[in-house]
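K.L.:
have a look at this fold, sequence not included:
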């Protein structure tokens, strides 16, 4: 008879092999391919930084090298602390891409093995538990998130719940430590899943306490409280820097992203079993997979029928009821504030009740509650397999479990999600970055010219290349943008003009990696301008172009490294002896979006917004009740800081006559504003200086469509007249 340890080791090996197969073809080329062109580069940098800076401790580890000069660059995305700690040897000895891909394979295997152990505790069958484990770990949702290892880190949850189960059911205090450890690792793997874990514990712990009469065993309760205090202390250390950041920069509750519940029944794109059915059924606007599986739902229904009826195992029945309620509640809550089915609004979701409750108020994607739906369905599917196999001989049970596991895996299978793409590694990394890596010092670097908004995801490539040189860099692909980053990128759009040089110098940037291919058809013009700026941007190194895979796609090749000359002073801001025009003397209108008067209600928490992305022709009008001399417009800023007008024109109107009044260039004020946004954005204002003129009204309008630009928002607008002019 094989020992329990050897049997479990065999299952672990099986799941490791299964993870390797499930992640093919990416897993076949772990050193040279990456999951996608955005998030995967970003997560490679995060894991590289975190694993290489564990010695900094708390809170120094958050002082990452991206988003300079904003402090604590690691806080703008998940820190991947658990993944980096466990994968430290890999990141220490291997290239970051290879290390992260190996950690990802191990993560999928751990998810399957951990769920197997938990499900077996309930269904008392390895073959039945294996079906649930395959569904839980190798489903379409996990595969669609292979570029985001935090979203695929599903293994610590079943291990924590297994330890909690044994702590209560066996009254064995030794399981308190594993419960605390696995709970902490679950929280350090993904902050979203930590929040959802609180919902699970809020349901399952009272059930355990009631079913086991835990109040009769104070030692168990004491162990549970001690574990909770330990978990809270460790997670609190992680939460404190985020809370400070949100308070400092005034990050408000994000708008909850929509979700369509029909996605649970929509097969993955490129499905091995269902072909293009998923693409035909997929509601518009969604690209990730949340498919539960038709076979899995059928097995789950069998499981529900097997374990819930009265007269069955009375001790286990309350827990099965709890998991059914958790799964149903998670499905409804995952819809967010607007329950949709096949694109149609059904009702206001109960998640709206959680929007004012921390930490749920800071979550923009409640649809990730799909992991709890998957957990519940996987557990009931395992129970369903156990019920179907009841009475079968040993080999027949194994055969049934194997066939059903293959069926469940097949309907979730899609190679499109795990194909990945080539990644520049080793000699295919542009020489400019290797040159920077050999240059001593920690001089901040900017990759310029900036990419357009619709290619911001490629900024993840900048931080990936920073793993080669390790210097502070200006850019990155964050989960939420630092306050000054989008404005600074917009102000640098005409690099290498005088304004760009002044901004770079003022922000403390000392080196620029120039990517000529990013200029596209205007390359010759900008290269001439660069050649004329040798005094302000002296050339340090120039590198030839090469025919490397992906270089043209990413705009790589023929790079130059230039220094930003330290000489020169900040230009002074435009001065204006101005006084504000009383708001009672004008009214506002807009071309669309929300109510225009929200921009004049005196409250920063409200705003006028176009709602739609910025497009040419959008306008916002200020109509005076009598002609007045106007010299400046100011717009108060608050989160989200990137919703400012791109390509703004301000025109004056007097009777039937209109003319352009500005905005006038004001590099000095732009520098002051950027510094304020970084240091303390409270009170920050966009300032638009105008050619003073007597007008009946003003029109602020978008002169050109900027692909990928966010909506245009105005929190509060203020109009100013020269101090010497008569009051309207």
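P.N.:
Done, it's in. Everything numeric in this text was worked out from a predicted model, so none of it was measured.
K.L.:
could I get the average pLDDT for stretch 62-78?
P.N.:
The pLDDT scores in stretch 62-78 average 95.
K.L.:
so for the chain, the centremost residue is which one?
P.N.:
Central residue of the chain (Cα atoms, centre = their mean): residue 479, 3.6 Å from the mean position.
K.L.:
would you double-check that that one falls in a helix?
P.N.:
No: looking at residue 479 with DSSP: H, G, I helix; E, B strand; the rest coil, it is coil, so not inside a helix.
K.L.:
that one is in contact with residue 76, isn't it?
P.N.:
Yes: the pair residue 479 / residue 76 is scored as a contact, 6.0 Å apart, by Cβ atoms under 8 Å. Quick note: C-beta positions are derived from backbone N, CA and C, even for glycine.
K.L.:
do you know the pLDDT at the residue nearest to the centre of the chain?
P.N.:
You'll see residue 479 listed with a pLDDT of 89.
K.L.:
what does residue 247 give?
P.N.:
89.
K.L.:
can you name the helix or strand that it falls in?
P.N.:
With secondary structure defined by DSSP states H and E, residue 247 is part of helix 218-249.
K.L.:
which residues sit against the helix or strand following that helix?
P.N.:
As assigned by DSSP H and E, the chain's next helix or strand after helix 218-249 is helix 277-281. Here helix 277-281 makes contact (Cβ atoms under 8 Å, 6 or more residues apart in numbering) with 262, 265, 266, 267, 268, 269, 270, 271, 289, 291.
K.L.:
show me what counts as buried in helix 277-281.
P.N.:
residue 278 (16 or more other Cβ atoms under 10 Å).
K.L.:
same check on stretch 647-665?
P.N.:
Applying 16+ other Cβ under 10 Å to stretch 647-665 flags 648, 649, 650, 651, 652, 653, 661, 662, 663 as buried.
K.L.:
just those: which are in strands?
P.N.:
When DSSP state E defines the strands, the subset of the buried residues of stretch 647-665 inside them is 648, 649, 650, 651, 652, 653, 661, 662.
K.L.:
residue boundaries of the helices in the stretch 401-550 of the chain?
P.N.:
431-438, 459-469, 485-491, 498-507, 523-531 (DSSP state H, counting those that start in this stretch).
K.L.:
tell me where the stretch 251-400 of the chain has strands.
P.N.:
Taking DSSP state E, counting those that start in this stretch to define them, one finds strands in the stretch 251-400 of the chain at 338-341, 344-348.
K.L.:
who's in contact with residue 694?
P.N.:
So residue 694 contacts 627, 628, 629, 630, 654 (Cβ under 8 Å, 6+ apart).
K.L.:
circling back: including pLDDT and distance to residue 336, could the buried residues of stretch 647-665 go into a markdown table?
P.N.:
Converted to a markdown table, these look like this (pLDDT from 0 to 100; distance: Cβ to Cβ, whole Å):
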| residue | pLDDT | distance to residue 336 |
| --- | --- | --- |
| 648 | 96 | 33 |
| 649 | 97 | 37 |
| 650 | 97 | 38 |
| 651 | 97 | 40 |
| 652 | 96 | 43 |
| 653 | 95 | 42 |
| 661 | 96 | 43 |
| 662 | 93 | 41 |
| 663 | 97 | 38 |
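K.L.:
of those, closest to residue 532?
P.N.:
For these, the minimum distance to residue 532 (Cβ to Cβ) is 26.0 Å, reached by residue 663.
K.L.:
contacts only, for the closest one.
P.N.:
For residue 663, the contacting residues are 633, 648, 650, 688, 689, 690, by Cβ under 8 Å, 6+ apart.
K.L.:
tell me how far stretch 476-486 lies from the chain's centre.
P.N.:
On the basis of Cα atoms, centre = their mean, to the nearest Å, stretch 476-486 sits 11 Å off its chain's mean C-alpha point.
K.L.:
just for the protein, where's the confidence low?
P.N.:
Along the chain, segments meeting pLDDT under 70 span 1-2, 310-313, 725-728.
K.L.:
let me know which of the helices of the stretch 401-550 of the chain is tucked in deepest.
P.N.:
helix 459-469 (a mean of 24; mean count of other Cβ atoms under 10 Å).
K.L.:
what residues does the one helix or strand residue 185 maps to touch?
P.N.:
Using DSSP H and E, residue 185 sits in helix 176-189. Residues outside helix 176-189 that contact it (Cβ under 8 Å, 6+ apart) are 79-83, 85, 150, 153, 156-157, 159-160, 163-164, 167, 193-194, 197, 223-224, 226-227, 230-231, 234-235, 238.
K.L.:
CSV for the contacts of helix 277-281, including distance to residue 491 and neighbour count?
P.N.:
What follows is the contacts of helix 277-281, written out as CSV (distance: Cβ to Cβ, whole Å; neighbours: other Cβ atoms under 10 Å):
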residue, distance to residue 491, neighbour count
262, 43, 17
265, 47, 16
266, 42, 24
267, 45, 26
268, 42, 28
269, 39, 20
270, 41, 17
271, 46, 23
289, 39, 26
291, 44, 27
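K.L.:
what's the farthest-apart pair in those residues?
P.N.:
The span of the contacts of helix 277-281, defined through Cβ to Cβ, is set by 262 and 270 at 18.7 Å.
K.L.:
looking at the buried residues of stretch 647-665, which is nearest residue 104?
P.N.:
Nearest member of those to residue 104, counting by Cβ to Cβ, is residue 648, at 43.4 Å.
K.L.:
would you agree the closest one is in contact with residue 701?
P.N.:
Yes: taking Cβ under 8 Å as the definition, residue 648 is a contact partner of residue 701 at 7.4 Å.
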